[in-house]
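*Asks:* Give me a 3D structure for the following:
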Amino acid sequence: MSKGIKLFDGLSDEQIKTILNSIPSRKYKKNHILIFEEDPIDQVYIIKSGALKIYRAYEDKEIILDFVRKHEVIGEVELFSKSPALSSVEVTEDAEIHHLSQADFIALIYKNKIILENIFRIHHQRFETLNKQIRNLTFYSVHTRVCRVLLDFIENNEKPNDLVIKNINQSTIASMIGVTRESVSKAFKDLQDEHILSLQPKTITVLDMDKLQAYANFD
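*Replies:* Numbers count the residues shown, from 1 in each chain. Okay, here's the model as predicted:
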């Protein structure tokens, strides 16, 4: 865990190692709720391993906003704004997470000013992701939304050119794109019939990346 952490871009391996060795970490099992929506936030979390989902509850429904994985950071927005948690965060794969207190985080920024630049860069990327989600929900069909989500998962795989998506089901995708599970199931059936996807329990394999990208209708 070193150069992959966007928060520490521009720091040397030795600097990153020193920082991480000074930050305590804890291990969490799948389904643990790390943060509840509207709870006060007094720490920044750096994901050492595992995966978490960020979501909000609305009228007894779960709306998934994003997934965070190894090397990513959460909690810094609320820490700066002193506002309560904007969303809930749940562990979806057993995880180990560094906990950095508000005081230690601010001290770290003062000592390494480049971290502040990285925070602005991370926020910009999140803003772009949010705009992308809004555009998907507003302008595109269910089939296109499904294809775009699948491509996002592929792009976020740790290994380059890994076309296998693990531990993601149709209900999860439905929560991400704002439609029913039945609508997602129909889209998956069409993609299977065209031999673009292969489905196994807890595993989605992309068989034809070119067709999937074409169906996603990227600009």
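*Asks:* rest of the way, CA atoms for contacts and neighbours
*Replies:* Will do.
*Asks:* Assess the claim that Q102 and Y45 are in contact.
*Replies:* No: assessed by CA atoms under 8 Å, Q102 is found out of contact with Y45, at 10.6 Å.
*Asks:* So which residues of the protein form helices?
*Replies:* 13-21, 76-81, 102-111, 114-139, 142-155, 170-177, 181-193, 209-216 (DSSP state H).
*Asks:* Please report how far the most centrally placed residue in the chain lies from V73.
*Replies:* Geometric centre of the chain, nearest residue: F67, 2.4 Å, by CA atoms, centre = their mean. For F67, the distance to V73 equals 11 Å [CA to CA, to the nearest Å].
*Asks:* For H99, name its beta-bridge partners.
*Replies:* With DSSP bridges as the criterion, H99 is bridged to Y45.
*Asks:* Can you tell me how far it is from S83?
*Replies:* Distance from H99 to S83, by CA to CA: 18 Å.
*Asks:* check contacts around E62.
*Replies:* Y55, R56, S175 (CA atoms under 8 Å, 6 or more residues apart in numbering).
*Asks:* can you redo these as TSV with distance to R181 and pLDDT?
*Replies:* Listed next are the contacts of E62 as TSV, based on distance: CA to CA, whole Å; pLDDT from 0 to 100:
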residue	distance to R181	pLDDT
Y55	17	91
R56	18	88
S175	8	87
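*Asks:* rewinding a little: among the helices of the chain, which gets the worst mean confidence?
*Replies:* Of all the helices of the chain, mean pLDDT reaches its minimum on helix 76-81 (a mean of 76).
*Asks:* which residues touch the residue lying closest to F105 once chain neighbours are set aside?
*Replies:* Of all residues not flanking F105 in the chain, V44 sits nearest, at 7.4 Å (CA to CA, 6 or more residues apart in numbering). By CA under 8 Å, 6+ apart, the residues touching V44 are V73, I74, G75, E76, L79, H99, L100, S101, Q102, F105.
*Asks:* what's the burial count for the fifth one?
*Replies:* Neighbour count for L79, taken as other CA atoms under 10 Å: 20.
*Asks:* Touching, it and A103? I think so.
*Replies:* No: judged on CA under 8 Å, L79 makes no contact with A103 at a distance of 10.1 Å.
*Asks:* got any residues that touch both of the two?
*Replies:* Joint contacts of L79 and A103 (CA under 8 Å, 6+ apart) do not exist.
*Asks:* how near is V73 to K159?
*Replies:* According to CA to CA, V73 and K159 sit 20 Å apart.
*Asks:* Return the residues in contact with the closest residue to S185 other than its chain neighbours.
*Replies:* In space, and not counting its chain neighbours, S185 is closest to Q170: 6.7 Å by CA to CA, 6+ apart. When contacts are counted by CA under 8 Å, 6+ apart, Q170 touches R181, V184, S185.
*Asks:* Please, a ChimeraX command that selects the buried ones among the residues you listed?
*Replies:* Burial among these is assessed by 16 or more other CA atoms under 10 Å; the matching ChimeraX selection reads:
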select :181,184,185
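*Asks:* Out of the contacts of Q170, which is nearest to R135?
*Replies:* V184 (18.2 Å; CA to CA).
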